Structures are given as C-alpha cells and as structure tokens.
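S.K.: Sequence and predicted structure below; questions after.
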Amino acid sequence: MHENLTIVDHPLVQHKLTLMREKTTSTAVFRQLLHEISMLLAYEVTRDLPMTAKSIETPLTQMDAPVLEGKKLALVSILRAGNGLLNGVLELIPSARVGFVGLYRDEKTLQPVQYYFKVPEEMENRRVIAVDPMLATGNSSAAAIDLLKGAGARDIRFLCLLAAPEGVRRMAEAHPDVPIVTAALDERLNDVGYILPGLGDAGDRMFGTK
C-alpha cells in the first residue's frame, strides 16, 4: 500500500464519517458533516507546514513567536464535489489562495475529461492541497495532479474523505511524491467504479441532485 497514505482515525472524524455513510442522512446534514470533517482533516494535512519566527509584543513582553513561512497555501478543489471539502479547509485557513480543476468521469471508460482549470500564480512556491471527497479509481485525481504539476506545483498533498485501494495504488504509481490524507480506506470498487461500502455519490448527496 502507498507508504504516503495517512488515515485519520480520530474518534470525531470516524463518528462523523459513519453518520455521512448512512443513506438516511439528509442533504443538509450531509453537507454540514462534510464541512465539519473537512476542518478536522485539515489539521492533519497541514501538520508539517514550514514555520519561522517573528518578533512580537504581547501585553507583557517581547517574544519570538512561531508563524507560517513562505507563500500562502493553495487549496485546489477538484470539481464539483471537492467544494464540500474546500469550504471547511478554507474556514480554517482563510488566507489560502484557491484554485479549481474541472474534471468529470466518463461513466463508460471511467477516464477523466477536463473542462476547467484555474489556479493561483507562483504554484512552484506554494504548498498545494488538492481536495476531492472520493479517491475511487484514482484516474481523475492523478489527472488533476498532472495538471497541477504542469502549472509548476512541486509540494502537493491530496486530501480526501474516502479512498479505495485501487485509487491509492493508481496514485502511488502516477505520483509517489504526493502524500494522501483520508478518513478511511474502504474495501474495494464495485463494477461501475464506486467505492464499497462507501457513501454513494458525494456530489449528489452534497448538492441534492439525485
């Protein structure tokens, strides 16, 4: 399995994920849970951000205090479902720059088709966090990382809610330098490329489109 795979097993993450998996969970509750869980996952994916120190004055004295170093983070949502994770992470890191990769999966070939790409400048100088709730076949995720590297990104993390072993293997083959942070590694894909046991189509459940 991918040596760069991190599964966030925090009790709050796992509890909220179980609620999201239940088919009776409403669109509004699903959306709220995704927002909450994305903030918890954001703590893990940003754990090793580079730090420096700056001199500040507290009400009592002067001190050298830790602050983030370098260019602002770039959060990149893989549309459309990525926006559900993006909003929560952005609430935690409001100064981050934001980009979007528009990909949809051809339901016959399971291959990604690009329709939109817009990212911040100076990607080569930023920590980039790509977000998409589901790492299923891994084809769309790998294609998105290809595009980000083509735009200059060199320091990339991939954040997802659920991963399938097939998707993790695909990412490991295509981008072994990209760490993956997820709440769960599920059993497998079904014959139409959905994660089992999974939680259904994250986009449809988030936006109430089915």
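M.R.: That came through fine. Numbering: from 1, shown residues only.
S.K.: where does the chain dip in pLDDT?
M.R.: Within the chain, the stretches with pLDDT under 70 are 1-2, 110.
S.K.: Please repeat the previous calculation with a cut-off of 90.
M.R.: Per-residue confidence for the chain (pLDDT under 90) gives these ranges: 1-4, 48, 69-72, 79-84, 87-88, 103-114, 137, 139-140, 191-194, 200-210.
S.K.: Quick check: longest helix in it by residues?
M.R.: If you go by DSSP state H, the chain has its longest helix at helix 27-45.
S.K.: Mind giving me the packing neighbours of it?
M.R.: Using 3 or more C-beta pairs under 8 Å, 6 or more residues apart in numbering; DSSP states H and E as the contact test, the elements touching helix 27-45 are helix 11-21, helix 82-92, strand 155-159, strand 180-182, helix 202-207. C-beta coordinates here come from the backbone N, C-alpha and C atoms, glycine included.
S.K.: what's the offset of the helix or strand following that helix from the middle of its chain?
M.R.: The first helix or strand that comes after helix 27-45 along the chain, using DSSP states H and E, is strand 51-57. Mean C-alpha position of strand 51-57 versus that of the full chain (C-alpha atoms, centre = their mean, to the nearest Å) differs by 29 Å.
S.K.: cool, stretch 183-196 as well?
M.R.: 17 Å.
S.K.: Residue 116 and residue 79: what is the separation?
M.R.: As judged by C-beta to C-beta, to the nearest Å, residue 116 and residue 79 stand 7 Å apart.
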